[in-house]
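*Asks:* Mind looking at a prediction? Sequence and model below.
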Amino acid sequence: MIKLENLVKIYEGNSNPAVDNLSVEIPNGKICILIGPSGCGKTTLLRMINGLISPTGGKIFINDNDITEVDQVELRRNMGYVIQGTGLFPHWTIAENISVVPKLLKWPKDKIENVVNNMLILIGLDPDEYKNRYPKALSGGQVQRVGVARALAADPPIMLMDEPFGAADPITRSKLQNEFLYIQEKIRKTIVFVTHDIDEAIKMGDLIAILKDGKLIQYGTPDDILSHPENEFVSEFVGSDRTLKRLGLIKVRDVMTRGVEIVKSSDPIDKVKEMIKRVNNNFLYVINEKMEPRGYVLEEDLEKGKNLKEIIRTMASPVNPEDTLKTALSNMMALGVGTICVVNNKNEFIGEVTLNVLTRLISNTDRE
Amino acid sequence: MNKITGKKQLMKVLLIPILIIGIGIVVSIYYVKNPGGQMAANIISYSNIKRRLIEHLELVFVATFLAIATAIPLGILITRKRFKKIAPIIITVVNFGQTLPSLAVIGLMMGLLGLGFKTAIFALWIYSLLPILRNTYTGIRKVDPNIIDTAYGMGMKKMQILWKVELPLALYIIFAGIRTATVVNVGTAALATFIGAGGLGDFIVIGISLMRNTILLTGAILTALLAVFLDNILGNIENSIIV
Ligand SMILES: Nc1ncnc2c1ncn2[C@@H]1O[C@H](COP(=O)(O)OP(=O)(O)OP(=O)(O)O)[C@@H](O)[C@H]1O
Ligand SMILES: [Mg+2]
């Protein structure tokens, strides 16, 4: 656990504090996002946690140890630091860059070699091809990945990441985010992650700390912050589309309706008519022999054809239980329909999500 | 494939130095064969050329070596936090040393230390301090502060950062300073003859006093070729430094 207690930093010669009486607790194994406008003290905060600069006031505890009372070099070697900008050593190869901390820790040679290979594989770069290149010969996104790999190499329990994906274009960025979340799922580090980007914060954060002028404005889970912005500043910061953003946090499995009545494409029309009356709905999903959804039939179409195949309509492309409501909504909108079916990983029909459910969720947020 | 390109590279690098040596040999042979009179023939001999050339190289290398050995540590020292304030003063003092005419410095040193090799070395040393000191200072100061931060942030110690990060990254610029100092020293060492320290300057001064152009040109051309030769070799080494 990282605990910041009434932390203050006033740089020499500045009248305003860069960090102003800030207290935050970051539980082990979680990603805590620091977000706020440029100059609000994010980098300053990381540098204090790393011991690069000392606070003007307040205390920093790591697992209940005051960091001023432990050996600074030791402290830093137990913390991976991905610095703002690239920070790779230009005169060292990728392998040498990644092995900096393991070498400082005097690991045996073969163990270091192993770590370099594993790290490169982890970040999706072929070791044989990239090991001996210099940073100059990498793309911006690759450099950032190596930066992350270098910070991870010695397997530190804590990671400080200052806009680690800042230089990447939106597509690469989203890929890096996914890769990193996937890695974190396995390694469960305590991570302090700085970003400018509220979407990145919502996607990556277990907890989000919103800063302004060195002060902590709000600290909570992404859902907390989207559903209960503390004040004007926060709601402006998270954007007027915060309710839509919230849909990006909720999984389909949490709101889907299971046990929906369905018909088989081979069923006779009469049976379908009877069922549609019984369920008191104006449509039914149609599945094939393998339980895969094929489309839906409308009540008003039932007189127009002799069998289901003639009157079946195209449905929105199905979602998985692990998808977010944002995906569900966007699939519905793509076809202009008010419902979407949910399939499992064998593509079998397991339920549905309706627009009604989504509107109810959104209006809940707005009322609060 | 790699071997062949490696060989080609080497040929390219060695071409100009070999050419310069060739010109030097041709010039020497020419003036030994055509000294322009008996008196000059006594002076322009192979053994004499060899002796003066070696003296000249000795002056240049010893002085440059001493300059490296003093200016680099001093340059490093004044980039440290504690000495930040006095750095400009030291640079200015050394700068001033270099603005003095070289002949004046040599004369001044003679007044203090007398004639001979040691005096010449001392004068040359003073003269070549500045380029190395200045380049060491700016080279280290120019290292991206982000990189230094990263090094600290990863738990490197001050000395480790100096040796493994700052100096390697500044090496290119420091080496450029060494190259400048060496080339400057080749020219200045031609004046060492005035205080009896020998070198290729001997030919020049004797040529002037005897009014024999052949002698003067032997010294002048060989000095110039030596400067170009060292500049080229050191330039090639400089370019092979990574970063
Ligand atoms: N070394 C320093 N000396 C004096 N003031 C500084 C120093 N470093 C930062 N500051 C000031 O402290 C404040 C916070 O800076 P900091 O770098 O922590 O901001 P940030 O949130 O990381 O901004 P960004 O998002 O642009 O990286 C700024 O007003 C900045 O000008
Ligand atoms: Mg910053």
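*Replies:* Happy to help now that I have it. Numbers count the residues shown, from 1 in each chain, chains lettered A, B, ... in the order given. Ligands and ions are numbered 1, 2, ... in the order given.

*Asks:* what sits against the most centrally placed residue in chain B?
*Replies:* In chain B, the centroid-proximal residue (CA atoms, centre = their mean) is B:Thr182; its distance is 0.6 Å. Going by CB atoms under 8 Å, 6 or more residues apart in numbering or on different chains, B:Thr182 touches B:60, B:64, B:128, B:230-231, B:234. Just so you know, the C-beta spots here come from the backbone N, C-alpha and C atoms, and that holds for glycine as well.

*Asks:* Count the residues that sit near B:Ile29.
*Replies:* As a burial measure, B:Ile29 scores 11 neighbours (other CB atoms under 10 Å in any protein chain shown).

*Asks:* Is there proximity between the helix or strand containing it and chain A?
*Replies:* Element membership of B:Ile29, judged by DSSP states H and E, is helix B:2-33. No. Residues of helix B:2-33 are not located near chain A by CB under 8 Å from any CB of the partner chain, the shortest gap being 14.0 Å.

*Asks:* in that helix, what's buried?
*Replies:* B:13, B:16, B:20, B:24, B:27-28, B:31-32 (16 or more other CB atoms under 10 Å in any protein chain shown).

*Asks:* again, but for stretch A:332-342
*Replies:* Buried residues in stretch A:332-342 (16+ other CB under 10 Å): A:332, A:337, A:339-342.

*Asks:* What is the neighbour count of the residue of chain B found nearest ligand 2?
*Replies:* Nearest residue of chain B to ligand 2 (CB to the ion) works out as B:Asn146 at 11.1 Å. For B:Asn146, the count of nearby residues is 15 (other CB under 10 Å).

*Asks:* Whichever helix or strand it is part of - contacts with which helices or strands?
*Replies:* Taking DSSP H and E as the criterion, B:Asn146 maps to helix B:145-153. In terms of contacts (3 or more CB pairs under 8 Å, 6 or more residues apart in numbering or on different chains; DSSP states H and E), helix B:145-153 is packed against strand A:79-82, helix B:158-161.

*Asks:* who's in contact with A:Glu310?
*Replies:* Contacts of A:Glu310 by CB under 8 Å, 6+ apart are A:Lys304.

*Asks:* so which of the buried residues of stretch A:332-342 comes closest to B:Leu191?
*Replies:* Distance ranking of the buried residues of stretch A:332-342 against B:Leu191, using CB to CB, places A:Met332 first at 89.6 Å.

*Asks:* That closest one and A:Val255: what is the separation?
*Replies:* 13 Å (CB to CB, to the nearest Å).

*Asks:* ok so, going back, what's the mean pLDDT across the helix holding B:Ile29?
*Replies:* What helix B:2-33 shows for mean pLDDT is 86.

*Asks:* Over to stretch A:91-100?
*Replies:* 95.

*Asks:* looking at the helices and strands packed on helix B:145-153, which is buried most?
*Replies:* With neighbours defined as mean count of other CB atoms under 10 Å in any protein chain shown, the helices and strands packed on helix B:145-153 peak in mean count at strand A:79-82, which reaches a mean of 27.

*Asks:* who's in contact with it?
*Replies:* Counting by CB under 8 Å, 6+ apart, A:46, A:49-50, A:101, A:147-148, A:150-154, A:156, A:158-162, A:164, A:189, B:150, B:153-154 sit against strand A:79-82.

*Asks:* Do I have it right that the residue of chain B closest to ligand 2 meets A:Pro90?
*Replies:* No. With contacts counted by CB atoms under 8 Å, B:Asn146 stays clear of A:Pro90, the gap being 11.0 Å.
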